[in-house]
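> okay, predicted coordinates and the sequence, questions at the end:
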Amino acid sequence: MSVTANKQRTTVRGVEGDLYELTTATERADWEWPTSVWIGDNVDEDYDVRSLGIDIGSTSTQTVIMGDKEVIAYSSIRTGSQTSTSAAKSEEVIYERVEGLSADDIDYSVATGYGRVNLTNVDKAITEIACHGKGANYFYGPSVRTLLDMGGQDLKTIKIDEKGKVQNFLMNDKCAAGTGRGVESFAEVLGVSIEEIGPMSLDVPTDPAPVSSTCVVFAKDEATALMRENMAPNDVAAAYHLSLVENVVELLERVDVEADFAITGGIAKNPGVVERLERKIGLEALEPDFDPQIAGAAGAAFFGAGLYAQQQG
Amino acid sequence: MPEVNYGYKDGAGSWFITVDTNACDGCNECVEVCPADMWELEEDEFAILEAGELVAAIKEEHRKSVRYDCSPCKSPSGDGSGTAACAEACHVDAIELSW
Amino acid sequence: MIAAGIDIGSDYTQAAIVDDDGLLGIGEARTGFDLNKAGERAIADALSQDGVSRGDIDVLVATGEGRKSVDVDKRVTSYTVIGLVLNQEWPSARSVLMMGAKNAAALKLSETGMILDFDENDRCAAGVGRFLSDLTRFLDMSLDEVIQATREVDEGVEELNTQCAVFAESEVISLIHENVSPARISRGVHDAIAERNSALLRRIGIEEDVLVVGGVGRNVAFIEALEDIIETPVHVPDHPAHVAAHGAALSALFDDAEQLQQDIEVGSKQTERFSDSIK
């Protein structure tokens, strides 16, 4: 399987580097975001502590490497059926691009995400709630209080303080409504990709009524009926996004929404959700200047640096 | 040591049990009184750089089915009828059910 | 008097024709988008068996999800007519699981067929019949083939998601790509759906005789999976998919039966008044 890499220059927290987006020769499923690897220009500098955070989610796996609590490299790949293989791969894609950097150079590694319990070669496992909180604080700054993370198969609402410490949280992983998989499943009815459905849903003259079912399966039935009554696909997409946002807002309000508000996870890339959410809660989401999927791994790497210092000192 | 919300929201509604782990002192009353054996004490996952204390948590296998698992105490119709033994027993009022 | 009952479900419509001596015929049709036509097609299917003609039908009664959208003489709620007909056909029925394409309900019946308690799931797709028909699509097998394969294995894949049909679907697709045998996948799915519905049954109390009615009652593999999980024999009446339609037809013959006057109020739940006659 040949891999082609598309390279561009990007900045992460003020540091410039090369971002590679990898695609394999075989078609990737419509709902998978591409594999990315970022190598900072600062990757070769001398550091006291190199820490690594790995976030193994149900859908994607990220690795972030920090030098003295500054991001120097990261990767984001799709999680396969074996978590240990995915973990190893997400590190490999970084090491193979940086001469002189390997697993031996890492002083402390932390695993997070649902797959963390299966990894044996890390120094510590930390709950992804804490890592997301810390990661959001790291990237967005101390003003963030309310965090929404919408992953492939779960949804989390988190309140943090100015240090990124978790004050209140809720995780919904029982139901596909409000998750990436839920949006992707709904997009199938319209025959579009997960990248298209968000923008489509905003391109409507006025908002239609939201679909009445929270359940994705029943919402799909409603969508089929609406299309048979000649509702345009964009309007159907809008109806679904409106219902999804109502559902998510209830879960946000359970932890009390407070400025500043930020979104992480794959669905942060769906403007159909983000814009409607902002309207509903009356707060704008902070603009990410980084790939929002790496927040958890970054938090983990940050904790790793702290734990290493504690260990040494 | 945050407020933790165990439970879920699906097409049928929202069912959450909230634990204020700051207030929880690990007394074990909730574990003992629950007729469905849903509680356990676990080390606070959010104590990362400091030592973790034991706090009350809903067992993993019950988190996605609290609506029905709690029915010995609370009606699954969600109308609020019934009294949760755990919330009653907690001497620091750390436990709250959303239905 | 000859009465016809139609049960208009989201995916399928059943019909039953009765006279004072008993059941004359049963029929079925896909519901589609025109509910009146679905009712007529199901009735036509039923009439083809018994020598009765459409004009001979004195009363038409509708039940099920679509009952308010059709032109009929009477409408009744399905739970109460299920109690009515089971009291006649299976008087020892006490805990009844009614499983349709998009909903599931557990009913506790008294010895006179009154509803003592009930619990239903009609808002969440986990545990409803639709997933079983979707399974035939994922595995590219007929329902009969799926049922047979399921019964041939002792154990299915473990830990299939029991709480969300969308996540379960992702898991099934992954398992297919990993070349896990269709029989084991199907067994896992049947066990997961039975597990989900055993919670509904336990909520109203498992008391023998336990029955399953509704379309899924025809799925022997599901019945066996449920028996395993609740560790109690599970029975299926004749024509399980037609029990509600049969009950609807019967209700026209028993207009003064006690059930018909019953406003079902169980705990804080209240179903609609048993029958709403239309002028």
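Ah, there it is.
> and B:Ala51, how many neighbours?
Residues lying near B:Ala51 (other C-beta atoms under 10 Å in any protein chain shown) number 7. Heads up, the C-betas are built off the backbone N, CA and C, glycines and all.
> whoops, I mixed them up, C:Lys37
For C:Lys37, the count of nearby residues is 14 (other C-beta under 10 Å).
> so which strand or helix has it?
helix C:35-47 (DSSP states H and E).
> angle of the next helix or strand after that helix against helix C:35-47?
Later in the chain than helix C:35-47, the nearest helix or strand by DSSP H and E is strand C:59-63. Strand C:59-63 runs at 120 degrees relative to helix C:35-47, counting by axes from the mean of the first three to the mean of the last three C-alpha atoms, to 10 degrees.
> how about the residues of the stretch 201-313 of chain A that lie near chain B?
The stretch 201-313 of chain A comes close to chain B at residues A:213-215, A:218, A:247, A:250-251, A:254-255, A:303, A:306-307, A:310, as judged by C-beta under 8 Å from any C-beta of the partner chain.
> may I ask which of the residues you listed has the most neighbours?
Comparing those by number of neighbours (other C-beta under 10 Å), A:Cys215 comes first, having 27 neighbours.
> what sits against that one?
Contact partners of A:Cys215, counting by C-beta atoms under 8 Å, 6 or more residues apart in numbering or on different chains, are A:175, A:177, B:10-11, C:123-125.
> thinking again about what came up before, out of the residues of the stretch 201-313 of chain A next to chain B, which is nearest to chain C?
Taking C-beta to the nearest C-beta as the measure, chain C lies nearest A:Cys215 of these, at 5.3 Å.
> without its sequence neighbours, what residue ends up closest to that closest one?
The shortest distance from A:Cys215 to any non-neighbouring residue, by C-beta to C-beta, 6 or more residues apart in numbering or on different chains, is to B:Gly11 (3.5 Å).
> got it, and C:Cys124?
The shortest distance from C:Cys124 to any non-neighbouring residue, by C-beta to C-beta, 6+ apart, is to B:Gly11 (3.9 Å).
> now C:Ala44
Spatial nearest neighbour of C:Ala44, chain neighbours left out: C:Gly27 (6.8 Å); criterion: C-beta to C-beta, 6+ apart.
> okay, and the one you found sits in which element?
Using DSSP H and E, C:Gly27 falls within strand C:22-30.
> kindly calculate the angle that that strand makes with helix C:35-47.
Interaxial angle of strand C:22-30 relative to helix C:35-47 (the same axes, to 10 degrees): 130 degrees.
> and whichever strand or helix holds C:Ala183, how far out from the chain middle?
Secondary-structure assignment from DSSP H and E places C:Ala183 in helix C:182-204. Distance of helix C:182-204 from the chain centroid (C-alpha atoms, centre = their mean, to the nearest Å) equals 16 Å.
> can you tell me how far A:Ala309 is from chain C?
Distance from A:Ala309 to chain C, counting by C-beta to the nearest C-beta, to the nearest Å: 39 Å.
> circling back to that earlier point, show me the contacts for the residue nearest to C:Ala44.
By C-beta under 8 Å, 6+ apart, C:Gly27 lies in contact with C:14-16, C:41-49.
> of the residues you listed, closest to C:Ser251?
C:Ala16 (11.2 Å; C-beta to C-beta).
> over to that closest one: give its phi and psi.
Per-residue torsions, C:Ala16: phi -140, psi 140 (degrees, to the nearest 10).
> before we move on, what about B:Thr21?
phi -70, psi -20.
> and A:Val273, by the same measure?
phi -80, psi -50.
> could you pull up the residues touching it?
For A:Val273, the contact set (C-beta under 8 Å, 6+ apart) comprises A:150, A:183, A:198, A:241, A:244-245, A:248, A:267.
> circling back to that earlier point, from the contact counts, what lies against the helix holding C:Lys37?
strand C:3-8, strand C:12-19, strand C:22-30, strand C:59-63 (3 or more C-beta pairs under 8 Å, 6 or more residues apart in numbering or on different chains; DSSP states H and E).
> go with 6 Å
Using 3 or more C-beta pairs under 6 Å, 6 or more residues apart in numbering or on different chains; DSSP states H and E, the elements in contact with helix C:35-47 are strand C:3-8, strand C:12-19, strand C:22-30.
> please identify the buried residues of it?
Within helix C:35-47, the residues that qualify as buried are C:35, C:38-43, C:45-47, counting by 16 or more other C-beta atoms under 10 Å in any protein chain shown.
> roughly how far is it from the heart of the chain?
In this view, helix C:35-47 has its centroid 18 Å away from the chain centroid, taken as C-alpha atoms, centre = their mean.
> angle of it against strand C:3-8?
Here the directions of helix C:35-47 and strand C:3-8 differ by 130 degrees (the same axes, to 10 degrees).
> hang on, the earlier thing: in a markdown table, list the residues of the stretch 201-313 of chain A next to chain B along with distance to A:Val166, secondary structure and pLDDT.
Output for those, formatted as a markdown table (distance: C-beta to C-beta, whole Å; DSSP: H, G, I helix; E, B strand; the rest coil; pLDDT from 0 to 100):
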| residue | distance to A:Val166 | secondary structure | pLDDT |
| --- | --- | --- | --- |
| A:Ser213 | 32 | coil | 94 |
| A:Thr214 | 26 | coil | 94 |
| A:Cys215 | 29 | coil | 96 |
| A:Phe218 | 34 | helix | 95 |
| A:Asn247 | 23 | helix | 94 |
| A:Glu250 | 20 | helix | 95 |
| A:Leu251 | 16 | helix | 96 |
| A:Arg254 | 14 | coil | 94 |
| A:Val255 | 10 | coil | 94 |
| A:Phe303 | 12 | helix | 97 |
| A:Gly306 | 15 | helix | 96 |
| A:Leu307 | 17 | helix | 96 |
| A:Gln310 | 19 | helix | 92 |
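> biggest separation within those residues, which pair?
Using C-beta to C-beta, the two most remote members of those are A:Phe218 and A:Gln310, lying 50.3 Å apart.
> buried residues in the strand holding C:Gly27?
Using 16+ other C-beta under 10 Å as the test for burial, strand C:22-30 gives C:23-29.
> so which of those residues is the closest to chain A?
After measuring these against chain A - C-beta to the nearest C-beta - the closest member comes out as C:Ala29, at 18.4 Å.
> find the nearest non-adjacent residue to that closest one, please.
C:Arg41 (3.7 Å).
> go on, A:Gly100?
Leaving aside its chain neighbours, A:Gly100 sits nearest to A:Asp44 (7.0 Å; criterion: C-beta to C-beta, 6+ apart).
> that neighbour belongs to a strand?
No: read with DSSP: H, G, I helix; E, B strand; the rest coil, A:Asp44 is coil and lies in no strand.
> phi, psi of it?
Backbone torsions for A:Asp44, taken as degrees, to the nearest 10, come to phi -90, psi 0.
> now stretch C:121-138: average pLDDT?
Stretch C:121-138 shows a mean pLDDT of 92.
> mind listing what's buried along that stretch?
Within stretch C:121-138, the residues that qualify as buried are C:121-122, C:124-136, C:138, counting by 16+ other C-beta under 10 Å.
> circling back to that earlier point, any chance of the contacts of A:Cys215 in JSON lines with secondary structure and distance to A:Ile294 as columns?
Shown next, in JSON lines, are the contacts of A:Cys215 (DSSP: H, G, I helix; E, B strand; the rest coil; distance: C-beta to C-beta, whole Å):
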{"residue": "A:Cys175", "secondary structure": "coil", "distance to A:Ile294": "26"}
{"residue": "A:Ala177", "secondary structure": "coil", "distance to A:Ile294": "25"}
{"residue": "B:Asp10", "secondary structure": "strand", "distance to A:Ile294": "29"}
{"residue": "B:Gly11", "secondary structure": "coil", "distance to A:Ile294": "32"}
{"residue": "C:Arg123", "secondary structure": "coil", "distance to A:Ile294": "36"}
{"residue": "C:Cys124", "secondary structure": "coil", "distance to A:Ile294": "33"}
{"residue": "C:Ala125", "secondary structure": "coil", "distance to A:Ile294": "33"}
